[in-house]
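Enquirer: Quick one, structure for this:
(2 chains, ligands or ions: 4)
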Amino acid sequence: MVIAQCQKCKREPSTVVSRKETFCKSCFLKFVKGKQRKQMKDGRFKVKYGRNEDQTTEKTVSAILAFRFDGSSLVLLDILISWLEEQLAMSPRAHVGFNLTVLCYSLEQPQSWIAEKATQIKTKYHGEEGISRLHVKFEILDCNDEVKRNEGLSGIYLTDHFESLIDRSNKVKGDALKMIDTQIQDKSAQEDLKSVVERDVIVRHCLQLECSILLLPDCMSELAISVLAFTARGRGERISETLGDNYIDVDGNRLEVLYPLRDILKSEIESYLKICDLERFQAPKIDNTFKSVKNKTVNELVREYFESVEPEYPEVISTVVKAGSKLRIPFSEGDVKRCGICREIINDDPQNWLESITVNEGIPAKTEEEKRNYELYLSSIQRPEERELYTAGNKESISLCFGCVADLRNLRGKFSWPAD
Amino acid sequence: MPSAVKINALCELCHCRKAVMRRPKNLQKLCKECFIHVFETEIHRTIQREHLFYRGESVAIGASGGKDSTVLAAVMKTLNERYDYGLHLILLSIDEGIVGYRDDSLATVKRNQSQYEMPLEIVSYKQLYDWTMDEIVACSGIKSSCTYCGVLRRQALDRGALKLEVHHVITGHNADDMAETVLLNILRGDTARIEQSVNITTNSQGSPVKRSKPFKYAYEKEIVLYAHYRKLDYFSTECTYAPEAFRGTARTLLKNLELVRPSCILDIIHSGEQLKLKHKRRNASSEMEVRSNGSVSLPNKDGNRCERCGYLSTNRICKACILLEGLEINRAKVQIDGTSVDGAAKLTKTLEHLAF
Ligand SMILES: [Zn+2]
Ligand SMILES: [Zn+2]
Ligand SMILES: [Zn+2]
Ligand SMILES: [Zn+2]
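Expert: Ligands and ions are numbered 1, 2, ... in the order given. A predicted model of the protein is given here:
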């Protein structure tokens, strides 16, 4: 058996094959890091020189890494730490190019798990002392806490005519995340609303820390999934925000969003994890092998789709990400309305759109029997719980985006949410 | 017989008849009458909202005998009478020349002609291009059959319409087709088409024939159910030449998405309507085409007609002529015995004589 040689250094035996090239371990890591450096080549992140740190602090930008304990998060953290180490080693007068806050969170794992893993990861990078030397800080986030700051959940409703209403008079105490798990049956809506919570929590935290650069760990394969999943959820306008524009505007603040791993394939993340022995820090993955299609979520179906076509059409993932980055936000400037659930800008009126293509009036009763049936129906809806939607309380109108209305449509018109 | 009907077995719209189905689009339980009513009324609303037609307009229905176009003909006839659109409707069929597929489906169209009392016009590939689809496949292989058929059918419909002096062709493309196209354009990174892919009406610049898709928002499953409840006569066999493999993967994904989330099809169309390109650049690559024999077709700015056949084209030679030219070269290679190769010349003649 001939052991293939690394095509880069032409010395070491190859251990990884990616994009039809063979790599030895160290050339492979260099290759992946090179892709990240390209995304962060901006001068702001470059090593700073000065006799002492005070001379550079003012120039040093701060960035937040959204760390969700998946493979991509671990790889990005590893790359950033080794980059900061390199920067410090460049000269005795060298100081790190940027301050990094690692925001540890998980929507699935308990807080105790998060804390324990975070400690293990810190230990790997020489503990508190080792990371603070690099100006790296770990922070642990409790997504439920964040959500709880809204003083309760309000019922949100969608009428037969796609009018969205909110009942603020009856706020219920509770966690949005738990509500999503218990109250929402539809797995895809669950997934969608969780990602709304996730995003909201991270963005708000960035603003709180007055940090204007957010590093998201998504690799190319994950971004391709987002593009298709946004499309499938009626959130097409989110594609350009994610890939095209690189910033999020919230409450008059602009948050810059970077995807340093946007040129890295999922398979490359896996290889990197293996080479650097990082797999053990990952959150356990859900096994979908025996799930029927019907029980899968939109994201799961899209992920499997890419996995199934990639062998025959290897360029499909990069094509999708490239197409996504050519898009722009469709709205015109001026009066912006934001969604009461996800805070996205509302581009067009979902009610109008849906009403114009959906008829919700039937053909009235004609025969005696039909009239009798209708009488029967009328008497049955006198029960208050049946009429809740039309009678109960102080429902006000609330503006929602098309994607959130899509979730409500699939949930047949109702859920509770920490809307303000 | 006064039966004790359960309240929750009643149709969710009229609350007076028994529900017989769950509506694919939103899973509402409906009776047959209400389903037919909402299906037709939604098409009517789409037509109204988009101002698809004007009174007195002659409209050709691209009729293949399949479910979509058969239902389109039936619904258009119903709506035209019910709401008094004042349209003159004509069936227009293309005979691609696919033995066993098109023969039978054309027989269906001919029955539709008398059922709906509409005039019928059939134009054939053979007559237009001197090639049947079967001959094309025999010559170029089955793999690219859809590419050929797509290009040739488009032109054939236009030519057929012009022969009838009709400037508006409607086709049975449904919401599933639209959603599939949105997905495909993203998957192929076809940004040039991303913005236009969901337009209900397409009208190439200066083209004498406009095309519309009144079923843009109608679910394929609902079209099948409508045909079923109205007992419409349609031909249900798929084209012998199966779709291109990659399109097939997008279709499977869409079907799976619809299964877990019925709203997906509409949601994808809505997303498609939101996709806007960053900056419009003149697409330089489409202005120059390399022909199959290696020569280059340079952009033709003013007289945008195909030099060879006179059909509207951004290039000097239209796509159909380029494809046919490639075929003629192949046919010539096949006919090595020396019989006169008059294909290309004959084709040019045939196309020249078509009335425009
Ligand atoms: Zn090497
Ligand atoms: Zn929203
Ligand atoms: Zn009904
Ligand atoms: Zn031509």
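
Enquirer: Smallest gap between the stretch 51-200 of chain B and ligand 4, at which residue?
Expert: Relative to ligand 4, the nearest point of the stretch 51-200 of chain B is B:Gln155 (7.9 Å; C-beta to the ion). The C-beta positions use only the backbone N, C-alpha and C, and glycine is treated the same way.

Enquirer: so what's that residue up against?
Expert: Applying C-beta atoms under 8 Å, 6 or more residues apart in numbering or on different chains to B:Gln155 gives the contacts B:128, B:311, B:318, B:320.

Enquirer: Where does the last one fall, secondary structure wise?
Expert: Under the criterion DSSP states H and E, the helix or strand holding B:Ala320 is helix B:319-334.

Enquirer: CA atoms of that helix as CSV?
Expert: Extracted in CSV, the C-alpha atoms of helix B:319-334 (Å, rounded to 0.1, in the frame of the first residue of the first chain):
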residue,chain,number,x,y,z
LYS,B,319,-31.1,29.2,-28.4
ALA,B,320,-33.4,26.8,-30.3
CYS,B,321,-31.3,27.3,-33.5
ILE,B,322,-28.1,26.7,-31.6
LEU,B,323,-29.5,23.5,-30.2
LEU,B,324,-30.8,22.4,-33.5
GLU,B,325,-27.5,23.2,-35.2
GLY,B,326,-25.8,20.9,-32.7
LEU,B,327,-28.3,18.2,-33.5
GLU,B,328,-27.8,18.6,-37.3
ILE,B,329,-24.0,18.1,-36.8
ASN,B,330,-24.8,14.9,-34.9
ARG,B,331,-27.3,13.7,-37.5
ALA,B,332,-24.7,14.3,-40.2
LYS,B,333,-22.3,12.2,-38.3
VAL,B,334,-24.9,9.5,-38.0
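
Enquirer: Show me what the helix or strand where B:Ala192 lies is packed against.
Expert: Under the criterion of DSSP H and E, B:Ala192 resides in helix B:191-194. With contacts taken as 3 or more C-beta pairs under 8 Å, 6 or more residues apart in numbering or on different chains; DSSP states H and E, helix B:191-194 sits against helix B:175-187.

Enquirer: Would the helix it packs on count as contacting chain A?
Expert: Yes: remark: helix B:175-187 sits within contact range of chain A at B:182-183, B:185-187, by C-beta under 8 Å from any C-beta of the partner chain.

Enquirer: Out of these, grab the one that's most surrounded.
Expert: B:Ile186 (29 neighbours; other C-beta atoms under 10 Å in any protein chain shown).

Enquirer: So that residue is in contact with A:Thr231, correct?
Expert: Yes: counting by C-beta atoms under 8 Å, A:Thr231 is a contact partner of B:Ile186 at 6.4 Å.

Enquirer: picking up where we left off before, what's the pLDDT at the residue of the stretch 51-200 of chain B closest to ligand 4?
Expert: pLDDT recorded at B:Gln155 is 85.

Enquirer: could you say which helix or strand contains it?
Expert: Assessed by DSSP H and E, B:Gln155 sits inside helix B:145-163.

Enquirer: Can you mark which positions in that helix are buried?
Expert: Buried positions in helix B:145-163, judged by neighbour count with 16 or more other C-beta atoms under 10 Å in any protein chain shown: B:145, B:148-149, B:151-162.

Enquirer: And the single nearest residue of the stretch 251-356 of chain B relative to chain A, how far from B:Leu253?
Expert: Nearest to chain A in the stretch 251-356 of chain B, going by C-beta to the nearest C-beta, is B:Ser271, at a distance of 2.8 Å. Distance, B:Ser271 to B:Leu253, using C-beta to C-beta, to the nearest Å: 14 Å.

Enquirer: what's the offset of stretch A:368-383 from the middle of its chain?
Expert: Taking C-alpha atoms, centre = their mean, to the nearest Å, one finds stretch A:368-383 lying 47 Å from the centre of the chain it belongs to.

Enquirer: quick check: mean pLDDT across it?
Expert: 86.

Enquirer: And chain B, is that stretch touching that?
Expert: Yes: judged by C-beta under 8 Å from any C-beta, stretch A:368-383 comes into contact with chain B at A:369-374, A:376-378, A:380.

Enquirer: dump the residue contacts of the residue in the stretch 201-350 of chain B that ligand 1 sits nearest to.
Expert: Proximity of the stretch 201-350 of chain B to ligand 1 (C-beta to the ion) peaks at B:Phe246, 35.2 Å away. B:Phe246 is in contact with A:309, A:313, B:184, B:187-188, counting by C-beta under 8 Å, 6+ apart.

Enquirer: Name the residues that touch the next helix or strand after the helix holding B:Ala192?
Expert: Counting by DSSP H and E, the element after helix B:191-194 in chain order, helix or strand, is strand B:201-202. For strand B:201-202, the surrounding residues in contact (C-beta under 8 Å, 6+ apart) are B:50, B:52, B:196, B:210-213.

Enquirer: top of these by neighbour count?
Expert: B:Lys213 (25 neighbours).

Enquirer: I'd assumed B:Met178 was in contact with that one.
Expert: Yes: between B:Lys213 and B:Met178 a contact is recorded at 7.4 Å, counting by C-beta under 8 Å.
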